[in-house]
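Participant: what's the 3D shape of this:
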Amino acid sequence: MSATLDAIPSMIDRIRHDLVGLKMPRALEALDHVVRRLEHGELSALEAIDILLSEELTLRENSRIKTALRMGRLGTIKTLAGFDFTFQPSLDRDRIFTLAQLGFVDRHEAVHFLAPLELERAIGPRRSALKPSKPERASTSQRLPISSDRLPVTNAKVGSRSVSASSADRAC
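Facilitator: Residues are numbered from 1 along each chain as shown. The predicted model follows:
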């Protein structure tokens with residue numbers, strides 16, 4: 001029995017060494033707590049392994065997100081928890097938090113955000129700068145309606161033939 005107790009510390013030391021070799025710092029930090037819970041019978045061996053791997057995965061995922069945000073050069077991260085709803089009293093706080101839970105995705109619903117007309121008038125001229133200088137070629141499988149006001153060129157070449165804007169509307 002004493003041989004078994006002596007073998008446990010050396011096994012834990014080997015596990016520590018392996019975790020260092022595998023570069024798993026968070027699992028190494030959580031190891032003592034998990035072993036203690038395992039000894040008290042609170043966890044099974046598989047649950048202990050699951051906890052160690054989950055801890056490490058969480059650390060790596062958080063690190064990946066931080067790096068991506070840093071590389072994206074985003075300033076401060078803003079969340080709904082820090083939003084001042086008193087500054088914009090027309091926003092319904094409960095509705096915003098309900099939308100943030102994304103329940104409409106599970107129900108296969110669409111959400112349309114409408115802007116006031118004044119904002120549309122301010123943004124509208126800027127949108128014209130985003131229109132492509134050449135009309136995009138739409139395949140027959142897309143069947144996208146293209147209005148003639150979106151086509152900046154009156155005689156556009158589609159494929160090898162010349163097509164006017166009005167006949168391009170009929171083709172789609």
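Participant: ok, residue 93 - how many residues close by?
Facilitator: Using other Cβ atoms under 10 Å, residue 93 has 13 other residues around it. C-betas here are computed from N, CA, C, even on glycine.
Participant: ok, the nearest residue to it once chain neighbours are set aside - how many residues close by?
Facilitator: Take residue 93 and drop its neighbours on the chain: the residue closest to it by Cβ to Cβ, 6 or more residues apart in numbering is residue 85, 4.9 Å away. The number of residues packed near residue 85 is 13, by other Cβ under 10 Å.
Participant: And residue 85, how close does it get to residue 94?
Facilitator: Using Cβ to Cβ, to the nearest Å, residue 85 is found at 10 Å from residue 94.
Participant: per-domain residue ranges of the chain.
Facilitator: Domain ranges of the chain: 2-71, 117-171, per automatic domain parsing.
Participant: Between these, which has the poorest mean confidence score?
Facilitator: Looking at the domains of the chain, the lowest mean pLDDT belongs to domain 117-171 (a mean of 54).
Participant: Please tell me I have it right and residue 91 contacts residue 80.
Facilitator: No: the criterion here is Cβ atoms under 8 Å, and residue 91 misses it with residue 80 at 10.7 Å.
Participant: Which is the succeeding secondary structure element to the longest helix seen in the chain?
Facilitator: Secondary structure of the chain per DSSP state H: the longest helix is helix 45-71. From helix 45-71 onward toward the C-terminus, using DSSP states H and E, the following helix or strand is helix 93-100.
Participant: buried set for that next one?
Facilitator: Neighbour-count burial for helix 93-100, counted by 16 or more other Cβ atoms under 10 Å, picks out no residue.
Participant: Need phi/psi at the closest residue to residue 69 other than its chain neighbours.
Facilitator: Distances taken as Cβ to Cβ, 6+ apart place residue 77 nearest to residue 69, at 6.6 Å, with adjacent residues excluded. The phi and psi values for residue 77, taken as degrees, to the nearest 10, are phi -90, psi 120.
Participant: Distance check, residue 77 against residue 20.
Facilitator: 32 Å.
Participant: and what of residue 62?
Facilitator: Residue 62 is 20 Å from residue 20, by Cβ to Cβ.
Participant: what about residue 19, how many neighbours?
Facilitator: A count of nearby residues for residue 19, using other Cβ under 10 Å, gives 19.
Participant: List the buried residues in the host helix or strand of it.
Facilitator: Here residue 19, judged by DSSP H and E, is contained in helix 2-21. Neighbour-count burial for helix 2-21, counted by 16+ other Cβ under 10 Å, picks out residue 19.
Participant: Name the residues that touch it?
Facilitator: Where contact means Cβ atoms under 8 Å, 6 or more residues apart in numbering, the residues beyond helix 2-21 that reach it are 25, 27, 28, 31, 35.
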